[in-house]
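Visitor: Provided below are the primary sequence and the corresponding predicted coordinates.
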Amino acid sequence: MRFFKDFAEEFKAHKALFAMAAPAFFLVLIMQYLPMSGLVLAFKNFRYDMGVFRSPWNGLNNFKFLFSSGTGWLITKNTILYNLLNLITSQLLAVIVAIFITEIHAKYFKKVTQSVILLPYFISWVVVGVFVYNLFNYESGIVNSIMKAIGHEPINMYGIPAAWPFIICAFNAWKWTGYNSVIYIAAITGVDGEIHEAASIDGATIFQRIRYITLPSIRPTLVTMILLQVGRILRGDFEMFYQIVGMNGQLYNATDVIDTYVFRSLVTNPDIGMTAAATFYQSVLCFLIIMVVNAVVKRIDEDYALF
Amino acid sequence: MAKTQEIQAPAHKIKLSTSSKVFYVICYAIVLLVAIICLIPFLLLISGSFTSEQWIRFNGLGLIPGEFSTEAYSIIFKTPMRIVRAYGVSFLITGVGTVLGLFITTLTAYVISRKDFKYRNALSFFFYFTTLFNGGMVSTYIYYIQYLHLKDSFWALILPGMFNVFYLLIMRTFVAAVPFALIESAKLDGAGEWRIFFQIVLPLLKSGLATIGLFLALGYWNDWYNAMLYMNTETKYPLQYMLYAIQQQTQALAQIASQAGIQVQNLPSTSLKLAMAVVATGPIVILYPFVQKYFIAGITVGSVKG
């Protein structure tokens, strides 16, 4: 009761503020919160004619099918491995690029290279898909033009599943290195330039400056970035996987992640149960992981916690 | 904001040791190499779009056109309707979405920055929670189609990208720079809340508005995912999804061929696809140098935990 009384008072005092926040509040409520109720589909035998809420329940059957068919394990394993691989490579590259760019003194060189490295962030995944196809396709791909030019047999990349984790990882890094390095550059330049100057006057070599000034300055950022990624460890970047791999059955074992599996089932398979089970499991597990990780980090060092 | 770009390099009056020199050589070389790798796909795209189909068929693509040809572009400009229409849809979606999104983001950021607003933390959490937990693709898709009836509606392209917690947090940082005393004194002078927002706060948020506006616009311009899920009618495809449909060949290319009065087998399909990608990406690459600093500012602000 007390809550309602307080709310009424606050509403009276700040009517205009309530009105200002209302559009975003209702947009998020309708577009994000209400669909959450659809997660019950994971426990239902969905029928389009009956809608989400009147379809009959079927207990844990959807989950049983998902995991007994082996698909559940495969896509979970792929999603986690890809995320780990992408996390390590793209953050490592971003840190290296950020450190190097901040050490460069030639102003023009620095500006141009930084711009060019950030450019891929602005390109849609559709265009990245065009790049990938025209690099690797058998008939006219540039890799095979080079192969032919040096007198080598052309390679059919789309028939070699083992190559795709590297290709995906490379394009993920290609797209995100610039963006992430901007974040690290901000952290590095947050350090007062005089500290660097004092260190070099005292005889610190460039390696010592990087080791004892630059690296500690990016540690909080690095931890935050890793935490954010860990919170998404079960989410595949659908746009990336779909544009790079597409509907290419030969590559599914090596490249299928939860999100691409879900999408494919959604458009090709009228039985939505298993798919709904996959998204339920993904959403809930992701939520638990980020809560647990954040709680653990908070106990170790409050400053590093996300919330 | 732009000061983050100006990196205060230490003055090197002391002579460089050999190992430092080696370090600088490696440093420049690696940065240059990464920059070149970032550019290569674009080169491939442009060069391929200017290569004759004959050459591509026998020798494949290269980083410089083996045999120069503008045939692909002349076909695009002979039958421009498809691409003009897709541009139109993208402009519409981007324009409407960006304006609406900017408006609600700024209003909300202002509300959660008001220290005298009791529910500011609760409201922030309400928005933040959606980054931790969501309904997933299946339930969202069914809900949008069955209950919101968004199938084939332009709102399906506008509403999902209109509001984003990341943008809200960036905008809040910009709003926080407006002194609260300014708002309070305006209040004492008898200004209403809306008037304070529009006449005092909003004019001080120019760089924030530019930053978030550009992030929103980029998101809309590059979106193809919502179009793939929700749009059925080809004439309503935005640019990126139209591009995707063309890459998937089949009917799209056959239609272009018949409109241009060429046999399908004579259509320069590879260079045509690449030329389409160039035409679709061109505006972004051309605008990029002018808008880059706003994005760098936004990414930098967004990376500081709020």
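Guide: Alright, I've got the coordinates. Just so it is clear, the structure is predicted and the values come from calculations on it, not from any experiment. Residues are numbered from 1 along each chain as shown, chains lettered A, B, ... in the order given.
Visitor: Have a look at chain A and report its longest helix.
Guide: When chain A is parsed with DSSP state H, its longest helix is helix A:71-103.
Visitor: Check whether the strand or helix carrying residue A:239 comes into contact with chain B.
Guide: In the assignment (DSSP states H and E), residue A:239 maps to helix A:238-245. Yes. With C-beta under 8 Å from any C-beta of the partner chain as the criterion, chain B is reached by helix A:238-245 at A:238-239, A:243. Every C-beta, even on glycine, is put in place using the N, C-alpha and C of the backbone.
Visitor: Which residues does the very next helix or strand once past that helix contact?
Guide: Using DSSP H and E, the helix or strand that follows helix A:238-245 in sequence is helix A:252-255. Contact with helix A:252-255 is made by A:74, A:78, A:161-162, A:164-165, A:168, A:241, A:244-245, A:248, as judged by C-beta atoms under 8 Å, 6 or more residues apart in numbering or on different chains.
Visitor: where does the stretch 1-150 of chain B have low pLDDT?
Guide: The stretch 1-150 of chain B contains residues with pLDDT under 70 at B:1-15.
Visitor: For chain A, what's its nearest residue on it.
Guide: Here the stretch 1-150 of chain B gets closest to chain A at one residue, residue B:139, 2.4 Å apart by C-beta to the nearest C-beta.
Visitor: list the contacts for that residue?
Guide: A:35-39, A:41, A:52, A:276, A:279.
Visitor: hang on, residue B:17 packs against residue A:205?
Guide: Yes. Using C-beta atoms under 8 Å, residue B:17 is in contact with residue A:205, at 6.7 Å.
Visitor: of the two, who's got more company?
Guide: Shown here are residue B:17 and residue A:205; by other C-beta atoms under 10 Å in any protein chain shown, residue A:205 has more neighbours (15 against 11).
Visitor: for the more buried one, what are its contacts?
Guide: Residues counted as contacts of residue A:205 (C-beta under 8 Å, 6+ apart) are B:17, B:19-20.
Visitor: filter those down to the ones near chain A?
Guide: Answer for the contacts of residue A:205 near chain A (C-beta under 8 Å from any C-beta): B:17, B:19-20.
Visitor: And the helices in the stretch 151-300 of chain A, which stretches?
Guide: A:164-189, A:193-201, A:206-209, A:215-230, A:238-245, A:252-255, A:258-268, A:273-300 (DSSP state H, counting those that start in this stretch).
Visitor: what comes up buried for the fourth one?
Guide: By neighbour count with 16 or more other C-beta atoms under 10 Å in any protein chain shown, helix A:215-230 contains the buried residues A:217-218, A:220-227, A:229-230.
Visitor: for stretch A:160-172, same thing?
Guide: Per 16+ other C-beta under 10 Å, stretch A:160-172 contains these buried residues: A:164-165, A:167-169, A:171-172.
Visitor: for these, which one is nearest chain B?
Guide: Nearest to chain B, judged by C-beta to the nearest C-beta, of the buried residues of stretch A:160-172 is residue A:171 at 9.0 Å.
Visitor: Quick check, the closest one in contact with residue A:129.
Guide: No. Taking contacts as C-beta under 8 Å, residue A:171 lies outside contact range of residue A:129: 9.5 Å.
Visitor: What is the neighbour count of residue 187?
Guide: In the absence of a named chain, this looks at chain A. Count around residue A:187 with other C-beta under 10 Å applied: 23.
Visitor: try again with chain B
Guide: Residue B:187 has 13 neighbouring residues, counting by other C-beta under 10 Å.
Visitor: same check, this time on residue B:199
Guide: Neighbour count for residue B:199, taken as other C-beta under 10 Å: 11.
Visitor: check contacts around the nearest residue to residue A:44 once chain neighbours are set aside.
Guide: If the residues on either side of it in the chain are set aside, residue A:44 comes closest to residue A:55, at 4.6 Å by C-beta to C-beta, 6 or more residues apart in numbering or on different chains. Residues in contact with residue A:55 (C-beta under 8 Å, 6+ apart) are A:41, A:44-47.
Visitor: what's in contact with the helix holding residue A:239?
Guide: Residues outside helix A:238-245 that contact it (C-beta under 8 Å, 6+ apart): A:125-126, A:128-129, A:132, A:164, A:167-168, A:171-172, A:175, A:251, A:255, A:257, A:259-260, A:263, B:137, B:224-225, B:244.
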